[in-house]
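# generate coordinates for the sequence data below:
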Amino acid sequence: MGTQQQVQLPQKLQGRMRLSRKHLFFVTIAIGASAITVVWILSGLSIIPTIWTIILSAFVSVCGIMIGLLPLIFSSGKLEHSPPIQNAEKLTWSQLCNICNDITQHRMATVRGKYQKELYLQRDKVRKNFEHFLNVSEKRGFVLVGKSGVGKSSFLLALREELQSRSNVCILMYDGANLQGSSSITEIINQDFSNRLILSKQPVQQVWHEVAKVDDINKRQVILCIDAINENPQAKELFETIK
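Take a look at the predicted model:
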């Protein structure tokens with residue numbers, strides 16, 4: 001099995017990190033400039049002597065610039081809250097479950113607020129139908145239909161909590177309403193895995209091909225759930241990319 005280690009962030013993430021530092025720098029300069037303006041106004045009202053105005057203005061300017069430069073000077077080169085990147089020769093079941101869980105936490109962040117475990121009532125009939133779907137290998141898709149607000153998202157989140165306790169089940173979930181219709185579902189998943197995993201020194205290009213090579217994958221289940229895909233402005237295009 002391959003070992004895990006931290007590797008350099010992809011260029012795309014590094015670009016975002018540099019952009020956020022620039023924003024911080026310019027915001028700090030703007031605050032410093034505002035402070036200087038206030039000082040000059042007070043000086044014009046003869047509240048502060050002119051010599052002290054000059055000294056205070058210089059001090060505020062230097063402090064503003066230094067504060068703005070601190071992230072550039074002391075940064076360790078890591079993007080805050082960025083997922084850890086694993087390096088391996090082959091995808092393992094444990095890695096697959098961990099990565100899917102991390103992607104789900106990120107991609108379903110906008111939906112998790114709808115689900116309150118203590119208030120949720122299980123839909124027994126739907127749950128039974130879904131369990132039957134899992135046990136019938138020739139069926140590859142399960143479509144959950146219902147009016148807005150009846151609890152479809154909560155059902156999926158509750159189902160995830162339940163199935164996560166099974167050692168042979170891995171769940172990957174997406175909030176379909178916020179997916180980019182310009183990319184296929186597989187392309188989006190490939191990108192999410194590439195941001196978290198390097199296989200044989202290469203980003204993941206064909207995630208389902210790598211999943212198929214996981215040891216004993218035939219004895220396990222990988223479930224892809226896409227919530228609220230009908231609410232996406234490009235729902236038709238996304239539907240067509242699901243195979």
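
# contact partners for the nearest residue in space to Asp192 that is not next to it in sequence?
Here the nearest residue to Asp192 in space, its sequence neighbours aside, is Ile103; by C-beta to C-beta, 6 or more residues apart in numbering that works out to 4.9 Å. In short, each C-beta sits where N, CA and C put it, glycine included. Residues near Ile103 by C-beta atoms under 8 Å, 6 or more residues apart in numbering: 172, 189, 192-193, 196.

# equivalent analysis for Gln116, please.
Each residue near Gln116 by C-beta under 8 Å, 6+ apart is listed here: Ser154.

# ramachandran angles for it?
phi -120, psi 110 (degrees, to the nearest 10).

# what is the burial count for the nearest residue to Tyr115 once chain neighbours are set aside?
With sequence-adjacent residues excluded and distances taken as C-beta to C-beta, 6+ apart, Tyr115 is closest to Leu157, at 4.2 Å. Under the neighbour criterion other C-beta atoms under 10 Å, Leu157 is assigned a count of 23.

# what helix or strand does Leu157 sit in?
Take DSSP states H and E as the rule and Leu157 turns out to sit in helix 152-163.

# which residues sit against that helix?
Contact partners of helix 152-163, identified using C-beta under 8 Å, 6+ apart, comprise 104, 108, 111-112, 114-117, 120, 122-123, 126-127, 130, 144, 146, 169, 171, 173, 223, 225, 227-228.

# quick check: end-to-end length of stretch 139-153?
Its first and final residues considered, stretch 139-153 spans 22 Å by C-alpha to C-alpha, to the nearest Å.

# what residues of that stretch count as buried?
Of the residues in stretch 139-153, those with enough neighbours to count as buried (16 or more other C-beta atoms under 10 Å) are 144, 151-153.

# what mean pLDDT does it have?
Per-residue pLDDT values across stretch 139-153 average out to 84.

# stretch 220-237 now?
pLDDT averaged over stretch 220-237 equals 90, rounded to a whole number.

# and that stretch, what's buried?
By neighbour count, with 16+ other C-beta under 10 Å as the criterion, the buried positions of stretch 220-237 are 220, 222-229, 232, 235.

# got CSV for those, with distance to Asn87 and secondary structure too?
Written out in CSV, the entries for the buried residues of stretch 220-237 read as follows (distance: C-beta to C-beta, whole Å; DSSP: H, G, I helix; E, B strand; the rest coil):
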residue, distance to Asn87, secondary structure
Arg220, 23, coil
Val222, 22, strand
Ile223, 26, strand
Leu224, 25, strand
Cys225, 28, strand
Ile226, 29, strand
Asp227, 31, strand
Ala228, 34, coil
Ile229, 33, helix
Asn232, 34, coil
Ala235, 36, helix
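
# could I get these as JSON lines with distance to Trp93?
Formatted as JSON lines, the buried residues of stretch 220-237 follow (distance: C-beta to C-beta, whole Å):
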{"residue": "Arg220", "distance to Trp93": "7"}
{"residue": "Val222", "distance to Trp93": "10"}
{"residue": "Ile223", "distance to Trp93": "14"}
{"residue": "Leu224", "distance to Trp93": "16"}
{"residue": "Cys225", "distance to Trp93": "19"}
{"residue": "Ile226", "distance to Trp93": "22"}
{"residue": "Asp227", "distance to Trp93": "24"}
{"residue": "Ala228", "distance to Trp93": "29"}
{"residue": "Ile229", "distance to Trp93": "27"}
{"residue": "Asn232", "distance to Trp93": "31"}
{"residue": "Ala235", "distance to Trp93": "32"}
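
# can you get me the start-to-end distance on stretch 225-242?
Using C-alpha to C-alpha, the end-to-end distance of stretch 225-242 comes to 11 Å.

# understood, closing this out.
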